[in-house]
Each structure stands twice: as C-alpha cells, then as structure tokens.
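In: Here you go, sequence then predicted model.
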Amino acid sequence: MTQDQNDPIIRVEGVCKTFGSLRAVDNVSLSIQRGEFFALVGPSGCGKSTLLRMLAGFETPDAGRVFIDGRDMTGIGPNRRPVNLVFQSYAVFPHMSVAENVAYGLKIARRPHDEIAARTQEALMLVKLDGQEKKKPDELSGGQRQRVALARALIMRPAVLLLDEPLSALDAKLREAMQIELVHLQKTVGITFVIVTHDQSEALSMANRIAVMHQGAVRQIAGPAELYEAPNCRFVADFIGRINLFEGVAVPHKKGRLRIKSEVLGEIELDGQGAGAVTLAVRPEKIQISREAQTQEDTIQVRGQVADVAYYGGYSNIFIDAGAGPPIVADITNTGSAGVPRFLPGEWLWCSWRASDSLLFRD
Ligand SMILES: Nc1ncnc2c1ncn2[C@@H]1O[C@H](COP(=O)(O)OP(=O)(O)O)[C@@H](O)[C@H]1O
Ligand SMILES: [Mg+2]
C-alpha cells in the first residue's frame, strides 16, 4: 500500500489509557501532517507523556487506534515503528564517547562500518557537535548532552521524532537558543517533530500546530496565533498566555447583542447570543491605561488603583485593583525616556479596551 504524501503521518483515533482508576488519556483523536512541528501542551499530569508514549509504542492504549504512515501500529512494539523518542532526561550512555553514543543504533542494526562512520558524522554536524566525537558525556554541558541524544535519534532517520520535554533541564537563555535551533533542525531534516512541553510559550514559539490537553483530553488544536487570539474555552484562554477573566451574567438584549452584568465591569454590551453565566476575557496587551476616561463607543472601561508595577525592561505589567476580583493586568511597552516610571502604585487609572477585543466563554 503506498501512502499519499497528503495523508497524515500520524492519526490517533479515540485513544484512551487508564492507570488504576485514573483516566490519563481520555478519548483523544488527532492527526499530524508530514513535516509538521507539532506540540502537545498542558499542565503537569494532563497526559502528554502518556499520549506520546503511545505514539512511540512504550504504552498500549486501552481503547482506540494509532496509525503511523497509514499503518495501524496499535499493538506494534517501539522498535518496529518508524519513530524515535528523545526522553526528558537525556538517555546517553555515560561510558561511551559522543560518537559511540550517536552510532549505537546503527551498530545494533549491524550496518556496514563505512555507513556508520558517514552517518555519525552527518548527525553530529546536524546538531553542531562535530569536533566533540571523542568526549564522554560527563565532559559535556547539559545542552551538549541533549544534542547527543538528538543526534542519536536522528541518525536512525525516523519518519517522526518524538521529544518529551527535551529542553526542560536547560537554563532559560540556553533553552531559548535551543528552541530556535530545534526549529531550524526540523526544517533542515524535514522530519515530523512531535514535542511535549508544559511550557506554553515554548509551544507557541516553536510549533506550527499545538494540541492543548487538560485532564487527559484535548481541548483545542490550532496554530499558535489562533490559540492565543481565539481560544475555544476558558481553560485554553487561561493556559495559553496571560489573560484577565471577569465573571458575569448575560441577558439577551437587541438582536445579536448581549447585556452582561459583571461585578467588576458593571453593565456592558457586547455582540453575542444566548444567556446565563459567562466569562469575559481580555489579554493584557489589548488594555489601554489612561488617567482620563475614554469617550469612544464600543469601549469597555473600568477604573481602579495601581496595586503593583512589575518592570521587565522592555515592558512592564501594571496590576490594577478594580475594587473586586483579582487585579487587572495590563502590559505597557517601555518606549519612553529611560527609567521614568509612567505609572505609580496608588494612582487611579482607567483600563479600557475595544469591546471587540473581548473574548466570551460559557464554560
Ligand atoms: N505508569 C503509570 N502508572 C500509574 N500512573 C501513571 C503512569 N504514568 C502516568 N501516570 C499518571 O497519569 C497521569 C498523566 O501522566 P503523564 O502522561 O506523565 O502527564 P504529563 O506528561 O502531562 O505530565 C498522571 O496523573 C500520572 O501520575
Ligand atoms: Mg510528562
């Protein structure tokens, strides 16, 4: 059977996995296309690693099927799948040199010596470890050890590379650099990457599509910008990026309009339908802060007192106490004169945003 290049490389259908009474993965279905950089993201314990291990064949689903490259792999063992898993704790052999570590899989596969040498060199160049062949893992930095693990997986030329929190042991600066490198590497080799991370910003910056998981289930699958700008539920809105949430109750008003009563925001009007409990949400960078009230139409605004200012150099988070609920957070970009604080704790300010920049959730 030949596969169409447009068919998904991975297709997961209704997969479940239970440990005792715990539903670790709850009826997950998704497809991943060839050449994608796909991320599984969600809070710790939501089932990401279990799902990835079912793709790798280290875990068997209780229900559902896993197809890889068009073939049903559900009962097939890890070494008979065209995938390779890079673990969180870089599993490198401490007693072997870098080159021996990288060559290991081909040696086990009894490939000819020349081929092993050539492919080892190629894999080391891909991860920028050429010249370090003879070193032992304990002579390498954490970042370099992770590259050894990557090279060891890539040398096998899998159709899909599975990466479980590959950067979580690295410090922030190195991690950012490695994120960019992984994206370049993926483009160079053209292999489908599926990465697991609990860090939503890592997923946003690296992946072209992201599945957000919560309590074993996939809540939304979308590209980074869509997840951020158009989350489909309160959980995704809150997990991806930072957001302000306001509880309220909606009543139908005019055609296609809602009137929402909220303790913090008062009575506001928005486009929308239906009635009942709602959560209105707005991202911090959509909020303007000003000393005067706004006069434009279709603006939502609320007055409050600056509670805290968190300065991050290029930008600051301003936390505004609106009298009820948690403080409202607004982002400001520090483009003005150096070191001059624009807003001070205790100051009274207006937070305002275009009504159309609000998101409305019913869950
Ligand atoms: N082998 C196992 N036996 C029992 N419980 C497990 C096992 N593996 C994972 N779990 C549980 O399943 C849930 C999901 O785990 P995991 O997939 O590792 O989450 P994540 O990778 O998102 O942090 C967790 O509650 C975890 O404790
Ligand atoms: Mg995990």
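Out: That came in fine, so what should we check first? Numbering: from 1, shown residues only. Ligands and ions are numbered 1, 2, ... in the order given.

In: Residue 76 and ligand 1, how far apart?
Out: Counting by C-beta to the nearest ligand atom, to the nearest Å, the gap from residue 76 to ligand 1 is 20 Å. Quick note: C-beta positions are derived from backbone N, CA and C, even for glycine.

In: hang on, I meant residue 15
Out: From residue 15 to ligand 1 the distance is 12 Å (C-beta to the nearest ligand atom).

In: now residue 56
Out: 12 Å.

In: Run through the residues that contact that residue.
Out: 78, 81, 83-85, 162 (C-beta atoms under 8 Å, 6 or more residues apart in numbering).

In: ok, those vs residue 6, which is closest?
Out: residue 83 (19.9 Å; C-beta to C-beta).

In: Not counting sequence-adjacent ones, nearest residue to the closest one?
Out: residue 160 (4.4 Å; C-beta to C-beta, 6 or more residues apart in numbering).

In: Quick check: pLDDT value at the one you found.
Out: Note on residue 160: pLDDT of 97.

In: who does it bridge with?
Out: When bridges are called by DSSP bridges, residue 160 pairs up with residue 83, residue 192.

In: Count residues in the vicinity of it, would you?
Out: 23 (other C-beta atoms under 10 Å).

In: isn't it right up against residue 66?
Out: No. Residue 160 is beyond contact range of residue 66, at 11.3 Å (criterion: C-beta atoms under 8 Å).

In: any shared contact partners between these two?
Out: 10, 55.

In: shaky segments in the stretch 151-300 of the chain?
Out: The stretch 151-300 of the chain contains no residues with pLDDT under 70.

In: which residues of it fall in strands?
Out: Taking DSSP state E, counting those that start in this stretch as the criterion, the stretch 151-300 of the chain carries its strands at 160-164, 192-197, 209-214, 217-222, 244-252, 257-262, 266-271, 276-282, 288-290, 299-311.

In: near ligand 1, which residues of this structure?
Out: Within the chain, the positions near ligand 1 by C-beta under 6 Å from any ligand atom are 19, 22, 24, 42, 44-50.

In: what bits of the stretch 1-150 of the chain have low per-residue confidence?
Out: 1-3, 88-90.

In: Try it again at 80.
Out: 1-5, 88-91 (pLDDT under 80).

In: Now do the helices in it.
Out: In the stretch 1-150 of the chain, the helices defined using DSSP state H, counting those that start in this stretch lie at 48-56, 98-108, 113-126, 142-154.

In: Include distance to residue 222 when you put those into a markdown table, please.
Out: What follows is the helices of the stretch 1-150 of the chain, written out as a markdown table (distance: least, C-beta to C-beta, whole Å):
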| stretch | distance to residue 222 |
| --- | --- |
| helix 48-56 | 17 |
| helix 98-108 | 35 |
| helix 113-126 | 30 |
| helix 142-154 | 27 |
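
In: Which one of the ones you listed lies nearest to residue 248?
Out: Of the helices of the stretch 1-150 of the chain, nearest to residue 248 by C-beta to C-beta is helix 48-56, at 32.7 Å.
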